[in-house]
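[1] mind folding the following:
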Amino acid sequence: MIKSNHKPHILANTIMACDSTRLSRCSLCGKSGTGMIKCRSCEAVWYCSESCRMTDWNQTGALINYSHRIWCERFKIYMDFGADMAKLPFTFMNETSDPDFNVEQFLRAQGVYQQGAWKVEEMGVMQQQTSERQESQPDEDCIVLPVESVTLENPPSPSPGKLTDWAGYYRLRGFSLDSPVAAILHWPLTLYYVITNSLPTHYPLWKESLLDNYLYIDVIGVSLETELIPLFKEVSYLLPTYRISIHMYGPGISKSEDGRTFSEGGLEVRVVRGLYHKVAPPHRKPCLALAYHVGVYVFKTWKKTLEKLKAEKVPTFFTEYGHRTYEEGRRALAEMDIGCSMSEPMLNHFRSPLRINQEETLLPWYRNAILFHLIFS
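    Predicted structure coming up:
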């Protein structure tokens, strides 16, 4: 469980700070520009005017649960987590954890801008895949970085023990801590961490259902992940005693991607277009389900999917960008009233090192930052 060092103090909701140069967006009306003001109490939310700030503070009726009066104290705590989220061993963390971090500038400096898997890091959050998106080719070098690309073509030697953080993984692979490759490997390494750490902790009997050391894994609500499929062979390299079958499901997957398969060594990946509760094969019995940046509060179709996962008692894990999105999801799940809840959020040891710049708030967001699981009652 993540704990904060925040100490409550008198709410100074009327004191504002102004940033004359930062391009921001008013969290109430959506107006963009420089010279925005922010709440001095939580120092997390931008407004274009005192009028918008007051309106947001005094929301009533159907919008009362979104009033900043309710969220301000929580935002202070969420802001405190920023320091812990930035505690990763990489030499570039001072740059990439800054609230004004510029991802394009960073990727250009690394020589990977708009190339391979790095294109995903330029995309916004919660994007659905469309047929208009330029899709990666299966044989494309998605890693791009010369040393890392060659290293990751083969399993590590000697065979790895249990890895628990980026420092250990980089030592295993012989990468320098100034290598940015963690910014794309957090996707497969998050899955690896769930398999080796989270799953045994919360479901100690999970191996009893395995057949011939075959891991059947369902990744749900897929959008960006299909661009990164070749990276997931690293999971099979790190778990050489298993054969791994991953099905990726998503309603936004393009028709041309539907049915796409990838197979290499001990890994098989299949892309399936459609809502999970409608298209998942009834004979397939996954040992775990994972949804990156789950967005339970955004997509209403999650209710039927969650009901299916509960009925089949599938160990289910989620990630989120930060604590606000986790809390929004927790509240949305409670309103569904389907007999399941979310565990306490944990910092994912294999989260992305690149902070996501938000125009409306300064809350710390990283891809796959928060990890938690479903609790079935």
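[2] can you give me the strands in the protein?
    16-19, 24-25, 32-33, 36-39, 46-47, 214-220, 243-250, 261-264, 267-273, 288-291, 316-320, 340-342, 346-347, 370-376 (DSSP state E).
[3] out of those strands, nearest to T55?
    T55 lies closest, by Cβ to Cβ, to one member of the strands of the chain: strand 46-47, at 9.1 Å. (Each C-beta comes from the backbone N, C-alpha and C, glycine too.)
[4] who's in contact with F318?
    Taking Cβ atoms under 8 Å, 6 or more residues apart in numbering as the criterion, F318 is in contact with 290-291, 294, 296, 329, 342, 371-374.
[5] quick one: which of the strands of the chain is nearest D165?
    strand 346-347 (10.6 Å).
[6] start to end distance for stretch 294-306?
    From its first residue to its last, stretch 294-306 covers 11 Å (Cα to Cα, to the nearest Å).
[7] could I get the buried residue list for it?
    Residues of stretch 294-306 classed as buried by neighbour count (16 or more other Cβ atoms under 10 Å): 294-297, 299, 302-303, 305-306.
[8] likewise for stretch 353-367?
    353-356, 358, 360-367.
[9] those: which two are farthest apart?
    P353 and E360 (22.7 Å).
[10] what about N154, how many neighbours?
    Applying other Cβ atoms under 10 Å, we find 9 residues neighbouring N154.
[11] identify the residues contacting E95.
    Contacts of E95 (Cβ under 8 Å, 6+ apart): 101, 106.
[12] shaky segments in the stretch 151-300 of the chain?
    Along the stretch 151-300 of the chain, segments meeting pLDDT under 70 are nowhere present.
[13] need the per-residue pLDDT for the residue nearest to L224 when sequence neighbours are not counted.
    Distances taken as Cβ to Cβ, 6 or more residues apart in numbering put V120 closest to L224, at 4.9 Å, once the chain neighbours are dropped. Listed pLDDT for V120 reads 89.
[14] if we can go back for a sec, distance to W187 added to the strands of the chain, as CSV?
    Formatted as CSV, those follow (distance: least, Cβ to Cβ, whole Å):
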stretch, distance to W187
strand 16-19, 33
strand 24-25, 28
strand 32-33, 30
strand 36-39, 32
strand 46-47, 30
strand 214-220, 10
strand 243-250, 11
strand 261-264, 14
strand 267-273, 12
strand 288-291, 10
strand 316-320, 10
strand 340-342, 21
strand 346-347, 17
strand 370-376, 13
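[15] so where is the stretch 1-150 of the chain shaky, pLDDT-wise?
    1-21, 124-140.
[16] repeat the analysis, applying 80 as the threshold.
    1-22, 122-140 (pLDDT under 80).
[17] need the helices for it, in chain order.
    50-57, 68-85, 93-96, 103-110, 146-151 (DSSP state H, counting those that start in this stretch).
[18] the first one to helix 68-85, inter-axis angle?
    The one in question is helix 50-57. On the basis of axes from the mean of the first three to the mean of the last three Cα atoms, to 10 degrees, helix 50-57 is oriented at 90 degrees to helix 68-85.
[19] tell me what helix 50-57 is packed against?
    strand 36-39, helix 68-85 (3 or more Cβ pairs under 8 Å, 6 or more residues apart in numbering; DSSP states H and E).
[20] out of the ones you listed, which one sits most buried?
    strand 36-39 (a mean of 24; mean count of other Cβ atoms under 10 Å).
[21] show me what that one is packed against.
    For strand 36-39, the packing partners by 3+ Cβ pairs under 8 Å, 6+ apart are strand 16-19, strand 46-47, helix 50-57, helix 68-85.
[22] format those as a markdown table; extra columns: distance to I195.
    As requested, the helices and strands packed on strand 36-39 are arranged in a markdown table below (distance: least, Cβ to Cβ, whole Å):
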| stretch | distance to I195 |
| --- | --- |
| strand 16-19 | 43 |
| strand 46-47 | 39 |
| helix 50-57 | 42 |
| helix 68-85 | 23 |
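[23] rewinding a little: so which of the strands of the chain comes closest to P200?
    strand 288-291 (10.9 Å).
[24] list the buried ones in the closest one?
    288-291.
[25] so which elements touch that strand?
    Using 3+ Cβ pairs under 8 Å, 6+ apart, strand 288-291 is in contact with strand 214-220, strand 316-320.
[26] among these, which is the most enclosed?
    strand 316-320 (a mean of 25).
[27] can you give the strand pairings for that one, parallel or anti for each?
    Strand 316-320 has its sheet partners listed here by DSSP bridges as strand 288-291 (parallel), strand 370-376 (antiparallel).
[28] out of those, which comes closest to S223?
    Closest among the strands paired with strand 316-320, using Cβ to Cβ: strand 288-291, at 10.8 Å.
[29] give me the contacts around the closest one.
    Counting by Cβ under 8 Å, 6+ apart, 190-191, 194-195, 199, 206, 215, 217-221, 309, 314-319 sit against strand 288-291.
[30] picking up where we left off before, got CSV for the strands paired with strand 316-320, with distance to T241 too?
    Converted to CSV, the strands paired with strand 316-320 look like this (distance: least, Cβ to Cβ, whole Å):
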stretch, distance to T241
strand 288-291, 17
strand 370-376, 24
